[in-house]
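Undergrad: Build me a structure from this.
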Amino acid sequence: MTVKRTPSRRFRAVLHTERPIGVLSSLKTELAVIITISTAIAFVMAWFLLKFGWSGWIAMPLTLIVSLGITYFFSRGLTSPLRQMRDAAKAMADGDYTVRVHTGTDSNDEVGQLARSFNEMAEELEHADQMRRDMVANVSHELRTPVSALQAMVENMADGIVEPTPANLESILNQTHRLSDLIAFLLDLSRMEAGAASLQIEWFDFREFIDDTVEPLEIADGGHGHTIRVLIPEDIRMEGDQDRLRQLFTNIIANALKHSEDGTEVLIEAHEDEDEGMIVTNVVNYGSQIPREARSDIFRRFVKGKTGPGTESGGTGLGLSIARWAAQLHGGTVAVVDDSRGADFEIRLPKYHLAQPNPEP
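TA: From the prediction side, this is the model:
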């Protein structure tokens, strides 16, 4: 599975800064060096001027001017990145997140570190802005498709062109389910953005929970012929919010089914790591592999994978990001791990909520 990312269409402006000094690791040291150099040059210049018979009233002001000029020249190199960051901040305030500040590869002082941090912040803001644009485009597309299909089918029925047969009504129902799923995704996304989610913590049987989660996915799989094999001991119990965890496992398992060839098998296996107090679950999609460089990107919002060359997987691109969010709510993690069998999503969840052991009912 490969990952498709939408490149930015903007031109990236890099603000270059030449710095005579910047190789030292401390701004204070650099200032001390500048003062020392300018003082030494002023002393030598004053000595030569006085030695050649210049008046002190002329030599001293001239020496002072040269000293100030040297200090000004080097200090501009020190503060130039700050001016560039000021200009970049103004550009970002106007909505251009492509600007970057360049201080050279040998800038190790506080100003250079600040410039690099500024560039990292600009990268994140550019990514967030691109995600916002992608969200508008994706949501518009995802909503338009089922709405257009519903409108066409209902208009045809109203005009008497199409009969309200069970098959046509089922098609309408499928489109409404698609709209409902998209709205649920968007509601989950809003909870993610707000950082708010109420959890109903309770003890439950993990094997039974997985069986209940898998059943509707097997029905929805239709004629693809996938087999979901569950290898989970029956004595595993854990503490958590079943609704949020069902979002987690539904999205991970549905993703495995989506990227599996028809007639293949998806494996769900779990065990309890007693040393760490974790329930470790692996969802394995046989035959498919995810490149290492794409393993972090697939958990970003609105990033869609490909089922083959030039074939986009469809969906909203929100499922895996919501799965990771649900795991993090429980203090757990979701990651793609190395597995020769295929794409392996490993889900690690604490047996006890917030790692605080509570008595089982």
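
Undergrad: List the residues that contact residue 254.
TA: Contact analysis of residue 254 by C-beta atoms under 8 Å, 6 or more residues apart in numbering lists 217, 319. Quick note: C-beta positions are derived from backbone N, CA and C, even for glycine.

Undergrad: where do the helices sit along the stretch 151-300 of the chain?
TA: Taking DSSP state H, counting those that start in this stretch to define them, one finds helices in the stretch 151-300 of the chain at 166-194, 206-220, 242-258.

Undergrad: Looking at the record's assignment, how would you partition the chain?
TA: Split into domains by automatic domain parsing, the chain comes to 1-196, 202-355.

Undergrad: Go through the helices of the stretch 151-300 of the chain and pick out the most buried.
TA: helix 242-258 (a mean of 20; mean count of other C-beta atoms under 10 Å).

Undergrad: That helix to helix 206-220, inter-axis angle?
TA: 50 degrees (axes from the mean of the first three to the mean of the last three C-alpha atoms, to 10 degrees).

Undergrad: and the angle from helix 242-258 to helix 166-194?
TA: Comparing the axes of helix 242-258 and helix 166-194 via the same axes, to 10 degrees yields an angle of 120 degrees.

Undergrad: and helix 242-258, what's its mean pLDDT?
TA: Mean per-residue pLDDT for helix 242-258: 89.

Undergrad: count of neighbours near residue 229?
TA: 11 (other C-beta atoms under 10 Å).

Undergrad: wait, it sits on residue 264?
TA: No: judged on C-beta atoms under 8 Å, residue 229 makes no contact with residue 264 at a distance of 10.9 Å.

Undergrad: about what we covered before: comparing the domains of the chain, which yields the minimum mean pLDDT?
TA: For the domains of the chain, mean pLDDT drops lowest on domain 1-196, to a mean of 73.

Undergrad: Identify all residues paired with residue 271 through a beta bridge.
TA: Using DSSP bridges, the bridge partners assigned to residue 271 are residue 280.

Undergrad: what's it in contact with, if anything?
TA: Contacts of residue 271 by C-beta under 8 Å, 6+ apart are 233, 236, 279-280.

Undergrad: if we can go back for a sec, most packed of the domains of the chain?
TA: Of all the domains of the chain, domain 202-355 has the most neighbours on average by mean count of other C-beta under 10 Å, namely a mean of 17.

Undergrad: now it, how far from the chain's geometric center?
TA: Put simply, domain 202-355 sits 19 Å off its chain's centre (C-alpha atoms, centre = their mean, to the nearest Å).

Undergrad: same thing with stretch 170-186?
TA: Here the centre of stretch 170-186 is set off from its chain's centre by 26 Å, with C-alpha atoms, centre = their mean.

Undergrad: ok so, going back, pick the one among the contacts of residue 271 closest to residue 40.
TA: Taking C-beta to C-beta as the measure, residue 280 is the one of those closest to residue 40, at 66.1 Å.

Undergrad: would you turn the helices of the stretch 151-300 of the chain into TSV with distance to residue 338?
TA: As requested, those are arranged in TSV below (distance: least, C-beta to C-beta, whole Å):
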stretch	distance to residue 338
helix 166-194	28
helix 206-220	23
helix 242-258	16
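
Undergrad: Tell me which of those approaches residue 346 most closely.
TA: Judging these by C-beta to C-beta, what sits closest to residue 346 is helix 242-258, at 9.9 Å.

Undergrad: thinking residue 49 is in contact with residue 63, fair?
TA: Yes: counting by C-beta under 8 Å, residue 49 touches residue 63, with 7.0 Å between them.

Undergrad: Residue 331 contacts residue 350, correct?
TA: Yes: between residue 331 and residue 350 there is a contact under C-beta under 8 Å: 5.0 Å.

Undergrad: out of the contacts of residue 271, which one sits closest to residue 184?
TA: Distance to residue 184, by C-beta to C-beta, is smallest for residue 279 among the contacts of residue 271, at 25.2 Å.

Undergrad: could you say which helix or strand contains the residue of the chain most remote from its centre?
TA: In the chain, counting by C-alpha atoms, centre = their mean, residue 53 sits farthest out from the average C-alpha position, at 70.7 Å. Element membership for residue 53, per DSSP states H and E: none, as it lies in no helix or strand.

Undergrad: can you pull the contacts of it?
TA: Residue 53 makes contact with no residue, according to C-beta under 8 Å, 6+ apart.

Undergrad: which phi and psi does it have?
TA: Reported as degrees, to the nearest 10, the phi and psi values for residue 53 are phi 90, psi 10.

Undergrad: other SSEs contacting the helix or strand where residue 81 lies?
TA: Assigned by DSSP H and E, residue 81 falls within helix 56-93. Judged by 3 or more C-beta pairs under 8 Å, 6 or more residues apart in numbering; DSSP states H and E, helix 56-93 is in contact with strand 14-16, helix 27-51, strand 100-102, helix 110-158.
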